[in-house]
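> No sequence on hand, only this structure:
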């Protein structure tokens, strides 16, 4: 996916490292934008300073990528097995990893930033945090779909 996104006939192709830097800077900027929009327009999200939101976006992106990598490894483990039981276990493990990771990420943000980054509301801010994360993931996908459609 990265190769097709970043290759340009006029500019030549980019190295793998350049592509990864470009991709992750872009993802962090999308996360940063979403976090700051929620901070500005939703009372359940509070971020004390812009620089803290930048660090939070970076931490969030790193932890989301780790979560996705873990989920893919577990899914591949169950893909190699056949049968209904393997499919059910794959679905349950995917859901458990994705849900549990949100708790871990929320706690990592809480430990890292304390009262400088707060998600409040139902279930000690978990609902507002999940809304923000889902919005980030949707924004990332929308961006990449638009980018691919321009090719």
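Received it, and whenever you're ready, just let me know what you need. Every value quoted in this text rests on a predicted model; they were computed, and no experiment measured them.
> Every contact and neighbour count from this point should use C-alpha atoms.
OK.
> Enumerate the strands of the chain by residue range, in sequence order.
Taking DSSP state E as the test, the strands found in the chain are 45-47, 117-119.
> can I get the ones you listed in CSV with distance to residue 83?
Converted to CSV, the strands of the chain look like this (distance: least, CA to CA, whole Å):
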stretch, distance to residue 83
strand 45-47, 44
strand 117-119, 41
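> And those strands: which comes nearest residue 145?
strand 45-47 (27.6 Å; CA to CA).
> that older thread, of the strands of the chain, which is nearest residue 130?
strand 117-119 (9.7 Å).
> which strands and helices sit next to that closest one?
strand 45-47, helix 84-113, helix 126-149 (3 or more CA pairs under 8 Å, 6 or more residues apart in numbering; DSSP states H and E).
> Tell me the span between the first and last residue of stretch 40-51.
Using CA to CA, to the nearest Å, the span of stretch 40-51 from its first residue to its last is 15 Å.
> Actually, stretch 76-89.
Per CA to CA, stretch 76-89 runs 12 Å from first to last residue.
> Report the distance from it to the chain centre.
Here stretch 76-89 shows a centroid-to-chain-centroid distance of 26 Å under the convention CA atoms, centre = their mean, to the nearest Å.
> Kindly report the same for stretch 125-141.
8 Å.
> Ok, stretch 96-116 next?
Put simply, stretch 96-116 sits 12 Å off its chain's centre (CA atoms, centre = their mean).
> Likewise for stretch 25-37?
The answer for stretch 25-37 is 10 Å, by CA atoms, centre = their mean.
> who touches it?
Contacts made with stretch 25-37 from outside it, assessed by CA atoms under 8 Å, 6 or more residues apart in numbering, are listed as 47, 50, 53-54, 56-58, 60-61, 132, 135-136, 139-140.
> Equivalent analysis for stretch 103-114, please.
Counting by CA under 8 Å, 6+ apart, 52, 56, 59-60, 63, 117-118, 126, 129 sit against stretch 103-114.
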